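*Asks:* my questions are about this predicted structure, shown below with the sequence.
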Amino acid sequence: MTGTGKRSRAPGRAEAPHVDVLIAGAGISGIGSAYHLQQQCPGKTYAILEAKPTFGGTWETHKYPGVRSDSDLYTFGYRFKPWVGAPIASGAAILKYMGEVIDENEIGVHIHYGHRITACRWSSADNRWTVEAVRAPDGAVVVFTAGFLWMCQGYYDHEKPYIPDWPGVSDYRGRFVHAQLWDPAIDYAGKRILVIGSGATAATIVPAFAEKAAHVTMLQRSPTYFYCSENRNELADRLREIGIDEPTVHRVVRAQIMHDQDLMTRRCASEPDAVFEELKALIRAYSGDPDFPFEPHFTPKYRPWQQRLAFCPDGDIFKAATAGKLTVVTDTIDRFTEKGVLTAGGEEIEADIVVAATGFNLSVMGGIPFEVDGAPVDWSKTVTYRGMMMTGVPNLAWVMGYFRASWTLRVDMMGDFVCNLLNHMDDIGAKKVEVALRPEDADMAILPWIEEDNFNPGYLMRELDAMPRRGDKPEWRHNQDYWAEKDAFPRIDLRGAEFVYDGDPARDAVPSGTAVAA
């Protein structure tokens, strides 16, 4: 009983109508996947569950000064909606673009905001997923059922960023905040700001801080590669000047950018020293300092593209450095002090605000507990099929994008794949599909999700053991190579032995070596 004499009511439980497809997340992946489902499987019913009160995902989470894309919007934008504007766009512009996609395609009626998924259970007896979600307004548990689960929730924890266990943080008397948790109400004008980190977030937030702060210091454990360029696309501008329509501009400029990115990626592996010299030449040009010093603060220990290459529109971070608004310190932290941070080298960096730009915590499948026929799913015991399906887990696809190319390129390609798969299941009358290793895979090496010398950011290395495993064949790994996958995905044979329908390996299977008609 409450103090007013009224009986307190426990949160209720409700059941939602069954849908053919349930999409987890209303971010860039979820909205794009919904579009493809509507277009390519118009008879399918679906719903989108989103924990936040609105759409946007990453672009709703991050509110720090200067938040912007670190991929060009001609390839980060969906293939079906032309991007009109500067290649590097603000978070607000990206949210506006996503909102237009939702409105233009009437996706909003399918989105259940404020629904946090807490459990996913597959039943082979019923051939369906049962998904429980806590509804934010009243705490009620809402039960959804679906034939297929499309996981578009991303790859990191949106609420708990990675903060190293630094000694003495409680001794610091200023304001400490992680960039991911930045409150736009914070007034930093005229303040001394220390940014800890040197990746894509730091590359974005530092020049924005430098516009108003008294001074900015960037403390990095190790340097990052930066790519400086104008925030415009010359080809797009020229095509518009001569009157080419926007869909054509979008298609042609996407092709140009993807060609250039492919070339850059290959050169980073084959001639990394030459690429670094070119990156340095761009920095010198944009900073206005022909003698810009690179040692020790701008000479990374790894080759380009083993971690994300930080895009620097118009060289803004280097202009801040040459203008005296930014100081870079390369060292580790000994401890926090009352006034700031003491480095291992003995330098005390005083600051009114310390901003940790130290990255994400990886979150495999959103940290949601999964079960298949009553048995808990341990993702590290599964093997991934092309980074999107996992052995032993039926009727589920996970959107995991690219790190060297725009994330959304894979959203579009996976949209084609999943819709083709769903339509194929309808054609053969199948209710269940899972991927399984074939007889010829019996002796295949089972390895970590990705090679450390391929891509090795801290958030991935810290939790690599929690990720699904990969094989040493192209179909049993996420190879992070858009340029290979754009040709391989359309050729995926849904009658191949790796696809098991309704638990029968022989159903709809085409024997190895059999020619398949297009």
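*Replies:* Received it, and whenever you're ready, just let me know what you need. Numbering: from 1, shown residues only.

*Asks:* just name the shakiest helix or strand of the chain by mean pLDDT.
*Replies:* When each helix and strand of the chain is scored by mean pLDDT, DSSP states H and E, helix 458-462 comes last, with a mean of 83.

*Asks:* and that helix, what's buried?
*Replies:* 458-460 (16 or more other Cβ atoms under 10 Å). Placement of C-beta: from N, CA and C, glycine included.

*Asks:* tell me which strands the strand or helix carrying residue 143 pairs with, and in which orientation.
*Replies:* For residue 143, the element it lies in under DSSP states H and E is strand 141-151. As defined by DSSP bridges, the strand partners of strand 141-151 come to strand 13-15 (parallel), strand 19-24 (parallel), strand 128-135 (antiparallel), strand 396-398 (parallel).

*Asks:* so which bits of that strand are buried?
*Replies:* In strand 141-151, counting by 16+ other Cβ under 10 Å, buried: 142, 144-151.

*Asks:* from residue 305, how far off is residue 336?
*Replies:* Residue 336 is 33 Å from residue 305, where distance means Cβ to Cβ, to the nearest Å.

*Asks:* picking that back up, any chance of the strands paired with strand 141-151 in a markdown table, plus mean pLDDT, distance to residue 329 and mean neighbour count?
*Replies:* Shown next, in a markdown table, are the strands paired with strand 141-151 (pLDDT from 0 to 100; distance: least, Cβ to Cβ, whole Å; neighbours: other Cβ atoms under 10 Å):
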| stretch | mean pLDDT | distance to residue 329 | mean neighbour count |
| --- | --- | --- | --- |
| strand 13-15 | 91 | 54 | 11 |
| strand 19-24 | 98 | 41 | 24 |
| strand 128-135 | 98 | 44 | 21 |
| strand 396-398 | 98 | 39 | 25 |
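
*Asks:* out of those strands, the one nearest residue 405 is which?
*Replies:* Nearest of the strands paired with strand 141-151 to residue 405, taken as Cβ to Cβ: strand 396-398 at 18.0 Å.

*Asks:* what sits against residue 119?
*Replies:* Residues near residue 119 by Cβ atoms under 8 Å, 6 or more residues apart in numbering: 130-132, 368-371.

*Asks:* 10 Å instead, please
*Replies:* By Cβ atoms under 10 Å, 6 or more residues apart in numbering, the residues touching residue 119 are 130-134, 141, 143, 368-371.

*Asks:* need the nearest residue in space to residue 261, chain neighbours excluded.
*Replies:* Sequence neighbours aside, residue 405 is the residue nearest to residue 261 in space, at 5.8 Å (criterion: Cβ to Cβ, 6 or more residues apart in numbering).

*Asks:* phi, psi for that neighbour please.
*Replies:* Here the main-chain torsion angles of residue 405 (degrees, to the nearest 10) amount to phi -130, psi 170.

*Asks:* that one and residue 483, how far apart?
*Replies:* Distance of residue 405 to residue 483, given as Cβ to Cβ: 8 Å.

*Asks:* quick one: which of the two has more around it?
*Replies:* Taking neighbours as other Cβ atoms under 10 Å, residue 405 and residue 483 compare with residue 405 leading, 23 against 17.

*Asks:* just to revisit the earlier point, got JSON lines for the strands paired with strand 141-151, with distance to residue 103 too?
*Replies:* Shown next, in JSON lines, are the strands paired with strand 141-151 (distance: least, Cβ to Cβ, whole Å):
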{"stretch": "strand 13-15", "distance to residue 103": "28"}
{"stretch": "strand 19-24", "distance to residue 103": "18"}
{"stretch": "strand 128-135", "distance to residue 103": "24"}
{"stretch": "strand 396-398", "distance to residue 103": "26"}
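
*Asks:* do a quick rundown of the helices in the stretch 51-200 of the chain.
*Replies:* Taking DSSP state H, counting those that start in this stretch as the test, the helices found in the stretch 51-200 of the chain are 58-61, 73-76, 91-104, 200-210.
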